[in-house]
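*Asks:* fold the following, please.
(one chain, ligands or ions: 1)
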Amino acid sequence: MELARSNSGDKNRTRRRRPRGRTPDTTTRAETQSDADVEAGARGSNGSAKSEQGVATRTRDESRTDSKDRPKRRRSASGKPSRGKSSATVETPVVAESGFTKLGLNATSLKTLADIGYEQPTPIQVSFIPIAVKGVDCTGQARTGTGKTAAFILPSLERIDFASPHPQTIVLTPTRELSEQVANEARRLSPGHNCRTAVLVGGRPIRRQLDELQRGVHIVVGTPGRVIDLINRGALDLTRLKVVILDEADRMLDIGFRPDIERILRSCPTERQTLLLSATMPPPVERLARRYMKDPQRVDLSEDTVMVDTIEQYYITVERDRKRSLLVKLLALERPAQVLVFTRTKRGAEELHKHFAGRLPHVDVIHGDLHQSKRDRVMRRFRAGEVRMMIATDVVGRGIDVSGISHIVNYDVPEDCDDYVHRVGRTGRISSNSKGRAFTFVTQGQGDELTRIEMRINEMLPEYHVDGFEAYKPSGPRKTVNDPPPELPHQVDEEEFCVFVD
Ligand code: AMP
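*Replies:* Numbering: from 1, shown residues only. This next block holds a predicted model:
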């Protein structure tokens, strides 16, 4: 079977159609890009869609020169970040000038940054750090994977008294996986300070967390449920806290988490610094956030960068019952290094996993109903590259920073447009060397949902057509009203599964 990419011919073009309700004249940046342009972009589909997106692609290509200049993560000559002693006992290190020098950070942090190979600050770091080091409240909005964690950890290191064993910074995140990730970055950024960081999340033995708190920690990173549990047990004392950080703030302040967040904030001193970061910050969330902050400053780098310039994004129109076959075909064509497939529901994720698990190796699933030890195992295997296709729901997929993810598949259109931004941001990250590709499966009744996403990201997505694959039934006139719609031929044979394995 011919699996190489090829241009779709005229025959395919005439069959292609827009999902219902899709309004071409959205008020997006692509207003000037006519419907015909979009069709033209799709015409070259597959490999050639990339080169035929016209204006939209050229704009992205131009902006890609920026990303080439972006600092690459590099390790120190020894291959490891150097372990230091307490800042009180270390002589002030002499550090060469770098883009970080003027941000107001101390010499120990500057040395760590040089050691771990952060040569230039990212835009969110340039804008956010100088405000946050002053100790004032601040909200920061920037797309995921742009160095947000360092933007809030570095300034909070400035405020910690490392001689005191009490928690002075707390970072709250919506998922356990994100807490781990933030804590790892905090540890990476703080060896010279002799800073201790604890991860306080559910699904893990509480005993170890109690011991860690007993021994003394400076930064705690956790999910709200476990943090409250530890406060209630009298093990976590937040009265000496100096900085409170809400990561993925839009999610932390939505109705599900809000009571917990309020409960935690009541345990914190009123004289504190509050920092909020998120890729998306809808106005109601921002208004709510201000209730917990004092005259917050605002750093908004979301304009124009919501549309991630390191990611090629497409939609594919598909019949609901063809989605699975389409996914197989797409895997065979794209041969992703690693792919994250998003479903709307845990059940949907399980079903998809059940279908693929027997047929493909290196496939796994992650969602909120799984036991934490299983979630940890899956994440570890995914990070190590042992899992090649991970099926995930939005909640758990959020914030995952795995540099190997080359493809995102929105198997189900996300319920919320902001979730689209979060999902797609899992690929094309600063930690990856290559750009990513994202595909959104859209059924014919979901045109409005697609339009809302396009308005959110301020760009029209080109359609992608998989050659030789009938993604939906032709709607030609039936001979009589009682005729059933024509059946689609069976198009995916099991051999294609093997192609993904290669
Ligand atoms: P984050 O947005 O915090 O998840 O960061 C994404 C990735 O970028 C992480 O792997 C960081 O280690 C890395 N990173 C953050 N800041 C920089 C920088 N200034 N230079 C190079 N890599 C960075």
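*Asks:* T108 contacts P191, correct?
*Replies:* No - counting by CB atoms under 8 Å, T108 sits too far from P191 to count as a contact (9.2 Å). Heads up, the C-betas are built off the backbone N, CA and C, glycines and all.
*Asks:* with neighbour numbers in mind, choose between the two.
*Replies:* When T108 and P191 are compared on other CB atoms under 10 Å, the one with more neighbours turns out to be T108, at 23 against 19.
*Asks:* what about the residue nearest to that one when sequence neighbours are not counted, how many neighbours?
*Replies:* Counting by CB to CB, 6 or more residues apart in numbering, the nearest residue to T108 once its immediate chain neighbours are dropped is G192, at 4.0 Å. Look at G192: counted by other CB under 10 Å, it has 25 neighbours.
*Asks:* double-check that G192 belongs to a strand.
*Replies:* No - the assignment for G192, made by DSSP: H, G, I helix; E, B strand; the rest coil, is helix rather than a strand.
*Asks:* R298 looks like it's in a strand, true?
*Replies:* Yes - note on R298: a strand contains this position according to three-state DSSP.
*Asks:* could you look up the SS state of the residue lying closest to it once chain neighbours are set aside?
*Replies:* Taking CB to CB, 6+ apart, and ignoring the residues beside it in sequence, R298 has T139 as its nearest neighbour in space, at 5.2 Å. Three-state assignment for T139 (three-state DSSP): strand.
*Asks:* let me see the contact set for T139.
*Replies:* 249, 275-278, 281, 286, 289, 293, 296-299 (CB atoms under 8 Å, 6 or more residues apart in numbering).
*Asks:* now which of the residues you listed would you call buried?
*Replies:* 249, 275-278, 281, 286, 289, 293, 296, 299 (16 or more other CB atoms under 10 Å).
*Asks:* make a markdown table from those and add secondary structure, distance to L331 and pLDDT to it.
*Replies:* A markdown table is the format used below for the buried ones among the contacts of T139 (DSSP: H, G, I helix; E, B strand; the rest coil; distance: CB to CB, whole Å; pLDDT from 0 to 100):
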| residue | secondary structure | distance to L331 | pLDDT |
| --- | --- | --- | --- |
| A249 | helix | 35 | 89 |
| L275 | strand | 40 | 96 |
| L276 | strand | 38 | 94 |
| L277 | strand | 34 | 92 |
| S278 | strand | 32 | 88 |
| M281 | coil | 35 | 82 |
| E286 | helix | 39 | 82 |
| A289 | helix | 40 | 86 |
| M293 | coil | 45 | 93 |
| P296 | coil | 45 | 92 |
| V299 | strand | 39 | 90 |
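*Asks:* and the residue nearest to T108, how far from I116?
*Replies:* Distance of G192 to I116, computed by CB to CB, to the nearest Å: 11 Å.
*Asks:* what is the burial count for the closest residue to V318 other than its chain neighbours?
*Replies:* In space, V318 comes closest to A471 once its chain neighbours are excluded; the distance is 4.3 Å by CB to CB, 6+ apart. If you count neighbours by other CB under 10 Å, A471 ends up with 22.
*Asks:* that's a strand at A471, yeah?
*Replies:* No - looking at A471 with three-state DSSP, it is coil, so not inside a strand.
*Asks:* so it sits against R320, correct?
*Replies:* No - counting by CB under 8 Å, no contact exists between A471 and R320, whose distance comes to 10.7 Å.
*Asks:* check which element follows the helix or strand where V171 lies along the chain.
*Replies:* Using DSSP states H and E, V171 falls within strand 169-172. Tracing the chain past strand 169-172, the next element assigned as helix or strand by DSSP H and E is helix 176-189.
*Asks:* tell me the helix or strand right after that next one.
*Replies:* strand 197-200.
*Asks:* give me the contacts around that following strand.
*Replies:* Contacts of strand 197-200 from elsewhere in the structure, counted by CB under 8 Å, 6+ apart, are 167, 179-180, 183, 186-187, 190, 209, 212-213, 217-223, 226-227, 230, 236.
*Asks:* give the buried residues for that strand.
*Replies:* Judged by neighbour count (16+ other CB under 10 Å), strand 197-200 contains these buried residues: 197-200.
*Asks:* of the contacts of strand 197-200, grab the buried ones for ChimeraX.
*Replies:* In ChimeraX, the members of these classed as buried (16+ other CB under 10 Å) are selected with the following command:
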select :167,179,180,183,186,187,190,209,212,213,217,218,219,220,221,222,223,226,227,230,236
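*Asks:* okay, now the unreliable bits of the stretch 201-350 of the chain?
*Replies:* By pLDDT under 70, the low-scoring segments of the stretch 201-350 of the chain are 302-309.
*Asks:* show me the strands in it, by range?
*Replies:* According to DSSP state E, counting those that start in this stretch, the stretch 201-350 of the chain carries its strands in the segments 219-222, 243-247, 273-278, 297-300, 311-317, 339-342.
*Asks:* now render those strands as TSV, adding distance to D260.
*Replies:* What follows is those, written out as TSV (distance: least, CB to CB, whole Å):
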stretch	distance to D260
strand 219-222	11
strand 243-247	11
strand 273-278	16
strand 297-300	25
strand 311-317	33
strand 339-342	25
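*Asks:* gap between the two ends of stretch 422-436?
*Replies:* Taking CA to CA, to the nearest Å, the span from the opening residue of stretch 422-436 to its closing residue is 14 Å.
*Asks:* does P361 count as helix, strand or coil?
*Replies:* Three-state call for P361 (three-state DSSP): coil.
*Asks:* quick one: it from R426, how far?
*Replies:* Counting by CB to CB - P361 and R426 are separated by 22 Å.
*Asks:* more crowded one of those two?
*Replies:* Counted by other CB under 10 Å, P361 and R426 do not tie: R426 has more neighbours, with 26 against 13.
*Asks:* need the per-residue pLDDT for the more buried one.
*Replies:* On the pLDDT scale, R426 is placed at 81.
*Asks:* for my notes, confirm it occurs in a helix.
*Replies:* No - using three-state DSSP, the assignment for R426 is coil, not a helix.
*Asks:* surely it is in contact with I408?
*Replies:* Yes - under the contact definition of CB under 8 Å, R426 touches I408, with a separation of 5.8 Å.
*Asks:* and for those two, which residues touch both?
*Replies:* Common neighbours of R426 and I408 (criterion: CB under 8 Å, 6+ apart): L340.
*Asks:* before we move on, the earlier item: which one of the buried residues of strand 197-200 is nearest to the ligand?
*Replies:* Set against the ligand, the nearest of the buried residues of strand 197-200 by CB to the nearest ligand atom is T197 (14.8 Å).
*Asks:* need the contact list for S156.
*Replies:* S156 is in contact with 132, 168-169, 219, 242-243, 245, 273, 275, counting by CB under 8 Å, 6+ apart.
*Asks:* can you check V182 too?
*Replies:* Applying CB under 8 Å, 6+ apart to V182 gives the contacts 149, 153, 171, 173, 221, 247.
*Asks:* could you rerun that using 10 Å?
*Replies:* 148-149, 152-153, 171-173, 197, 199, 219, 221-222, 245, 247, 399, 401 (CB atoms under 10 Å, 6 or more residues apart in numbering).
*Asks:* so which of these reach the ligand?
*Replies:* The residues of those that also fall near the ligand, by CB under 6 Å from any ligand atom, are 148-149, 401.
*Asks:* domains in this protein, by residue range?
*Replies:* As assigned by automatic domain parsing, the chain contains the domains 96-300, 306-474+488-501.
*Asks:* how distant is the first one from the center of its chain?
*Replies:* For domain 96-300, the distance between its averaged C-alpha position and the chain's averaged C-alpha position is 18 Å (CA atoms, centre = their mean, to the nearest Å).
*Asks:* ok, stretch 435-443 next?
*Replies:* On the basis of CA atoms, centre = their mean, stretch 435-443 sits 14 Å off its chain's mean C-alpha point.
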